[in-house]
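Asker: Pasting the sequence and the predicted coordinates here, then a few questions.
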Amino acid sequence: MITETGKVVAVTGGHAWVQTIRTSACQSCSARNGCGQKVLASATGGRANQVRVVNSVNACVGEDVTLGIDESALLGASLLVYALPLLLMVVASMVGHQLSGGSDAFAMAGAAVGLASGFLISRKLQRRNAGSYEPRLLRVNRIPAGVVSHSDSLT
């Protein structure tokens with residue numbers, strides 16, 4: 001499970017809008033040089049991202065929360081969104097090239113049709129499995145009573 005913390009900025013119905021900023025985690029991560037998340041965080045300039053999630057823990061506005069998404073769901077969504085359209089583009093390009101007797105124009109047309117088909121199929125499959133690709137609200141991060149000790153020697 002991949003987790004991230006954020007702050008609830010709005011609650012509407014049974015959903016909560018959670019604001020997250022990802023750049024702080026990239027600075028301490030040991031895989032920061034080989035991770036695509038660093039590129040994404042640098043592209044957004046450290047701006048906050050807002051995510052709409054089901055409010056399963058009854059979080060209120062202003063509370064710090066932890067979000068999570070299954071690694072297998074993240075991998076599956078990545079393959080569905082990126083790999084499927086590219087694979088269909090390459091296959092359709094090769095088919096167009098073979099059927100036309102070696103014409104580059106038909107290969108390019110096949111690539112365009114394959115890529116568009118890949119996006120359409122990907123979108124249909126995403127809609128069918130919509131709930132499995134969404135992050136979940138795991139918990140509200142509260143400091144338990146008694147953790148902070150009060151000292152009488154604060155004079």
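Answerer: Done, it's in.
Asker: top strand in the chain by residue count?
Answerer: Longest strand in the chain by number of residues (criterion: DSSP state E): strand 2-12.
Asker: Val81 touches Ser122, doesn't it?
Answerer: Yes: using CB atoms under 8 Å, Val81 is in contact with Ser122, at 5.8 Å. Bear in mind the C-beta positions are built from the backbone N, C-alpha and C, glycine included.
Asker: Which one of those two is surrounded by more residues?
Answerer: Ser122 (19 against 16; other CB atoms under 10 Å).
Asker: tell me what the helix or strand that contains that one is packed against?
Answerer: Element membership for Ser122 (DSSP states H and E) is helix 104-128. The contact analysis (3 or more CB pairs under 8 Å, 6 or more residues apart in numbering; DSSP states H and E) places helix 104-128 against helix 84-99.
Asker: name the helices or strands packed onto the helix it packs on?
Answerer: Judged by 3+ CB pairs under 8 Å, 6+ apart, the packing partners of helix 84-99 are helix 104-128.
Asker: How many neighbouring residues does the residue lying closest to Ser100 once chain neighbours are set aside have?
Answerer: In space, and not counting its chain neighbours, Ser100 is closest to Phe106: 3.5 Å by CB to CB, 6 or more residues apart in numbering. If you count neighbours by other CB under 10 Å, Phe106 ends up with 17.
Asker: Wait, Phe106 touches Met94, no?
Answerer: No: counting by CB under 8 Å, Phe106 stays clear of Met94, with 10.7 Å between them.
Asker: what bridges to Val54?
Answerer: His15 (DSSP bridges).
Asker: From Thr12, how far out is it?
Answerer: For Val54, the distance to Thr12 (CB to CB, to the nearest Å) stands at 11 Å.
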